[in-house]
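Trainee: sequence and predicted structure are below.
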Amino acid sequence: MPRLGLGLGLTMGNILGVSLASTLADLYVARVATIPDFVVPSYARVVAGYEALINAYATGTKAAFETATAFFADPSVSGYVLGTGTGLTAGAACARVGNMAWLDDNSRDLVQATPLLQPWLLVHSGTNYVAMPTIATNSITSNTAVTWDPVTQILEVVARVQPSIQNASGNWDNITNQNTLFGLQISNTTTTKTIRVNASTAATASTAYTPSTTVPHFIKVNLNLSQIEYYWSADGITYTAIGTSALPTYGTTGTLTIGGTSNTIANSFYAYSITYSVAGTIVRNFNPASYNASVSQTTFTASTGEVYTLNVGTASTGYKLVMVDRTIMQGNGVDSLLLSGNISYATDRATIYSAVRKLSSTLGLTYTFGSNANRISIVNDTTWRGFTTNAAVNNDYRTTPDNLNVLLLTATLDRSVIGINEQLFYFNNVLQSKTSIENGNTSGNLPTDTSALFARKDGTAPSNCNVRTIIQSRGVDDATVQTALYNYIRSINNNAF
């Protein structure tokens, strides 16, 4: 494996000229190499991850690092195994997420509780895209209309998509809708596809074509005064004609919507462009490469000037629209669940860091630490977010939900007081509160065992949310370490908070 990041971290923890970060990365890569089909991020990313953690904890030996770090799970840094999945998650479910902090074996990795309890794994391989599951009100809208003059112009529309073969809503999915102008639709129930233009009436569909089921492809339509020409391409360079159709009844102007409230697409959506001549100058350009999470998670401005808004579905359960600019796990609020093995601690204290985004307005447990009867939970409700022990709320931190893509919560848990001793909340890149509290829970000691994502250990109280990063320390992190880890988690989440 190429050692792209071998030179990182030579200022701390050098062992005979080799950085501790590289040493730990070698041990980790060797461990996960024993897991069938494990996907490991670039070696440079793994080394950088260890380097940041070493610097945060200021530890210079492998033993000191293991003492400080109990658990680190982030699929874009620590790697993952794809599951088999069913329905929308077919082939894209998360079977296992590596625990980068535990070097000796894989018993602390996050693993599906049962084959059916599979979070959606949204894999990012270098190109941004929008995951568009079939949930009503998942959509992308534009603030700028398209006006077409069919007498003097040929309207050329190109889209790059990766359709799912699953669609419970019918034979046709809306790729786009231009209101009174036209819509572009794709049949989405089998591996063989057809496309058509849909206005107040539907045009005759194209002939069938069979794109890859694992790689996005391109579709194109040219509309002139008399007819529609249909094309598809595997690479966006060489197009194959797949038929023509007479024009349906159409308008001359429309505002772009990708997806919509009915027949919503079940796709990964990569790009969309419009020109007023064949291979002409692009006048509308939906390109997720323009998205910048550190600026906004709900809108981005295209190179052609229009603003696109990402509208997340409002259903209380089900997978939701998300811009994928790094590898992300998403729970559906129904049955998604990942469990770690037993985690032991060097002291009677632990510090938990979590980068998450709540997607629906219902109560959900993003993360739980410990058995169901004796647990700590990070809760994402419609009006508050905070930590609980068992059913008791330790801190009710109220704020407007979902201003940004990721909320980072940090808490130091102290078993000696059977509750949360110190709590540090970050939101919108501002330190909001730091309080020393003790709750009234005296029913037992704080937990020392399994951690769970998306639901409690028994699978109850499931959460519809994105989980990006989870880190647990094996002791009390001081303010310097907390800030360093906050900055690190922020960096690997594209500065989204």
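Mentor: Arrived safely, thanks for sending.
Trainee: burial count for residue 497?
Mentor: A count of nearby residues for residue 497, using other Cβ atoms under 10 Å, gives 23. In this view, the C-beta of every residue, glycine as well, is placed from N, C-alpha and C.
Trainee: so for it, what's the pLDDT?
Mentor: Model confidence at residue 497, given as pLDDT, is 73.
Trainee: then residue 488?
Mentor: 90.
Trainee: before we move on, what about residue 413?
Mentor: 53.
Trainee: for residue 418, same thing?
Mentor: So, for residue 418, pLDDT stands at 36.
Trainee: and for the one 5 residues further on?
Mentor: Per-residue confidence at residue 423 stands at 44 (pLDDT).
Trainee: equivalent analysis for residue 458, please.
Mentor: Predicted confidence (pLDDT) for residue 458: 82.
Trainee: report the secondary structure element holding it.
Mentor: Residue 458 is located outside every helix and strand, with elements delineated by DSSP states H and E.
Trainee: tell me, how many residues neighbour residue 72?
Mentor: Neighbours of residue 72 (other Cβ under 10 Å): 23.
Trainee: ignore what I typed, I meant residue 150.
Mentor: 14.
Trainee: with residue 104 instead?
Mentor: 9.
Trainee: hang on, it in a strand?
Mentor: No. Using DSSP: H, G, I helix; E, B strand; the rest coil, the assignment for residue 104 is coil, not a strand.
Trainee: wait, what's in contact with it?
Mentor: residue 31 (Cβ atoms under 8 Å, 6 or more residues apart in numbering).
Trainee: what does the pLDDT read for it?
Mentor: 81.
Trainee: distance check, it against residue 206.
Mentor: Distance from residue 104 to residue 206, counting by Cβ to Cβ, to the nearest Å: 56 Å.
Trainee: the residue nearest to residue 211 when sequence neighbours are not counted pairs with what?
Mentor: Nearest residue to residue 211 in three dimensions, chain neighbours excluded: residue 217, at 3.9 Å (Cβ to Cβ, 6 or more residues apart in numbering). On the basis of DSSP bridges, residue 217 is bridged to residue 161.
Trainee: helix or strand for residue 297, which one?
Mentor: Counting by DSSP H and E, residue 297 is part of no helix or strand.
Trainee: residue 163: neighbouring residues, count only.
Mentor: The burial count for residue 163: 25, using other Cβ under 10 Å.
Trainee: these two touch, right, it and residue 267?
Mentor: Yes. Between residue 163 and residue 267 there is a contact at 4.9 Å, judged by Cβ atoms under 8 Å.
Trainee: now the nearest residue to residue 275 once chain neighbours are set aside: phi and psi?
Mentor: Closest residue to residue 275 apart from its sequence neighbours, by Cβ to Cβ, 6+ apart: residue 156 at 4.7 Å. As for residue 156, its main-chain torsions (degrees, to the nearest 10) stand at phi -110, psi 130.
Trainee: tell me which stretches of this structure form helices.
Mentor: 20-32, 43-57, 62-68, 75-78, 479-492 (DSSP state H).
Trainee: tabulate these (a markdown table), appending mean neighbour count and distance to residue 247.
Mentor: Shown next, in a markdown table, are those (neighbours: other Cβ atoms under 10 Å; distance: least, Cβ to Cβ, whole Å):
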| stretch | mean neighbour count | distance to residue 247 |
| --- | --- | --- |
| helix 20-32 | 21 | 55 |
| helix 43-57 | 23 | 50 |
| helix 62-68 | 17 | 66 |
| helix 75-78 | 24 | 45 |
| helix 479-492 | 18 | 49 |
